[in-house]
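> Got a predicted structure plus its sequence, pasted below:
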Amino acid sequence: MNTARAHLYASGRVQGVFFRAFTRNIAAALGLSGWVRNLCDGRVEAVFEGRRDLIEQAIGECRRGPAGAHVEQVEVIWENFTGEFHGFDVRH
C-alpha cells in the first residue's frame with residue numbers, strides 16, 4: 001500500500017462555513033486519519049494520512065469546499081507517513 005501524509009492549509013472563506021465538518025466527513029468516507037482545525041489567521045489546517053490516491057481525492061474535495069465556502073488556495077506539503085492517528089478529529 002502506498003501510504004502518505006499530507007499537511008494542508010486552505011485559505012479564502014473557509015471558516016464559519018462548516019469546512020472542518022466537511023473535511024472530517026470526507027476523511028471518514030475515504031478511510032483517512034488525521035485532524036483539521038481553524039487557524040487564527042482565517043485559514044484551515046489539516047493533516048491526512050492513508051493511501052496517497054485517497055489523500056489526493058480528499059485534497060480535491062477541499063479545493064472545492066462545502067457550500068458557502070470560497071476556497072482561494074490550498075497549499076499541500078507532502079510528508080512521511082507516521083501512522084500516529086486513529087480516526088480523524090476536529091481540533092479546537
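Here it is on my side, so go on. Note that the structure is a prediction, hence the values are computed from the model and not measured.
> ok but Arg20 is inside a strand, no?
No - counting by DSSP: H, G, I helix; E, B strand; the rest coil, Arg20 falls outside a strand, being helix.
> all strands for the protein, in order.
Along the chain, the segments classed as strands by DSSP state E run 3-13, 33-38, 44-51, 70-79, 88-90.
> Give me the helices and strands touching the last one, please.
Meaning strand 88-90. Applying 3 or more C-beta pairs under 8 Å, 6 or more residues apart in numbering; DSSP states H and E, one finds that strand 88-90 makes contact with helix 19-30, strand 33-38. (Glycine included, C-beta is placed from N, CA and C.)
> and that strand, what's its mean pLDDT?
Averaging pLDDT along strand 88-90 gives 97.
> try the second one
In this model, strand 33-38 has a mean pLDDT of 98.
> And for the fourth one?
Taken as a whole, strand 70-79 has a mean pLDDT of 98.
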